[in-house]
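Chemist: Fold the following.
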Amino acid sequence: MYNILICDDQPDIVRALKLYLAPEGYQLLEAFNGAQALELAKTEDIHLILLDIMMPEMDGITAAAKIREFSNVPIIFLTAKSETEDMVLGLNIGADDYITKPFVPVELLARIRSQLRRYASLRTYEDNELVIGGIVLNDRNKTVTVEGEPVNLTPTEYSILRLLMENPGKVYSTGALYEAVWQEVPLDSGGAVAVHIRHLREKIEIDPSAPRYLKVVWGQGYKIEGGN
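Modeler: Down below sits the predicted model:
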C-alpha cells in the first residue's frame, strides 16, 4: 500500500483528491500548508506528495526544497495555469512532475501511477554497477558518485541517468526519454525533460555549460558519453 500526502490550502480540493484516490487503495494523509506537509514528510513513511504551490505559512516551493534536504520522495505540484514560472522553479529545486488545475482525474491518476512505479523501481531494482568515466551508479544501493563524491538525485533524475548509462552513446529524443522514464505518452513534455536534464547536469558535471558526460545532439535529443 502506498501512502500519499495531499497538501493544499483549499479543503474542497483536498476532499476532491481524496475522493479520486481512495478507490485506488492508497493510504491518504492531508495537510493544508507547507509547514504541515514538511512535518508529515519527516515523521511518516510517505511514498508520494501532491503539493500546492501557493499556500499560507509556507508555500509549496519552500516546502519542496526543505523536503529535498532529507527525502527523494516523488513530488507532484498542483499548479494554476498562471503559475508557470513557479512550476519551472519547482522542477528546478527537485519536484518530479506537475499538473495544472482544474485537473482531469484520469490524467492525475496516470501521473501518480507513473511516479509510484518509478519510486518502487528505485527501491527494488538490483543490477551491477554502471560506470561511465568518473560516474558510478550503484543500483543495488541506489547511490551515485562522481569522482568519488556522493551525488543526491531525485527519483526522476536517477531514472534519467540510469537509462542513459544503461545505453551509453544512444541518442534519446525528448519524447522517447519522457516515455521511457515517465512511462506515459509524451504530451508537451519538452519543458519538463529540459529542466530535469539541466538539473542533472548541475549535479554530475564540473562545468554544466560545457558538459563532459550528458550531451545534447541538436535536433535529435540527449545521450551520455564516457567523458574522454
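Chemist: wait, isn't residue 42 in contact with residue 70?
Modeler: Yes - Residue 42 lies in contact with residue 70 (CB atoms under 8 Å); the separation is 7.2 Å. (Each C-beta comes from the backbone N, C-alpha and C, glycine too.)
Chemist: Could you list the low-pLDDT ranges of this protein?
Modeler: 81-84, 121-128, 186-190, 227-228 (pLDDT under 70).
Chemist: Please enumerate the strands of it.
Modeler: Assignment of strands within the chain using DSSP state E yields the ranges 3-7, 27-31, 48-52, 75-79, 97-100, 130-132, 135-138, 143-146, 149-151, 214-217, 221-224.
Chemist: Rebuild those as a markdown table, extending it with mean neighbour count and distance to residue 196.
Modeler: Shown next, in a markdown table, are the strands of the chain (neighbours: other CB atoms under 10 Å; distance: least, CB to CB, whole Å):
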| stretch | mean neighbour count | distance to residue 196 |
| --- | --- | --- |
| strand 3-7 | 23 | 22 |
| strand 27-31 | 18 | 26 |
| strand 48-52 | 27 | 17 |
| strand 75-79 | 25 | 13 |
| strand 97-100 | 19 | 10 |
| strand 130-132 | 17 | 18 |
| strand 135-138 | 19 | 16 |
| strand 143-146 | 18 | 15 |
| strand 149-151 | 12 | 14 |
| strand 214-217 | 16 | 11 |
| strand 221-224 | 21 | 10 |
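Chemist: out of the ones you listed, which comes closest to residue 169?
Modeler: When the strands of the chain are compared by CB to CB, strand 221-224 sits nearest residue 169, at 6.0 Å.
Chemist: Dump the C-alpha coordinates for the longest helix along the chain into CSV.
Modeler: Assignment by DSSP state H gives helix 105-124 as the longest helix of the chain. Once non-C-alpha atoms are left out, helix 105-124 reads as follows in CSV (Å, rounded to 0.1, in the frame of the first residue of the first chain):
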residue,chain,number,x,y,z
PRO,A,105,-8.8,12.7,-12.7
VAL,A,106,-7.7,10.2,-15.3
GLU,A,107,-4.6,12.3,-16.0
LEU,A,108,-3.9,12.8,-12.4
LEU,A,109,-4.1,9.1,-11.6
ALA,A,110,-1.8,8.3,-14.6
ARG,A,111,0.9,10.7,-13.4
ILE,A,112,0.6,9.3,-9.8
ARG,A,113,0.9,5.7,-11.0
SER,A,114,3.9,6.7,-13.2
GLN,A,115,5.8,8.3,-10.3
LEU,A,116,5.0,5.4,-7.9
ARG,A,117,6.2,2.8,-10.4
ARG,A,118,9.5,4.7,-10.7
TYR,A,119,9.9,5.2,-7.0
ALA,A,120,9.2,1.5,-6.4
SER,A,121,11.8,0.5,-9.0
LEU,A,122,14.4,2.6,-7.2
ARG,A,123,13.7,0.5,-4.1
THR,A,124,13.7,-2.9,-5.7
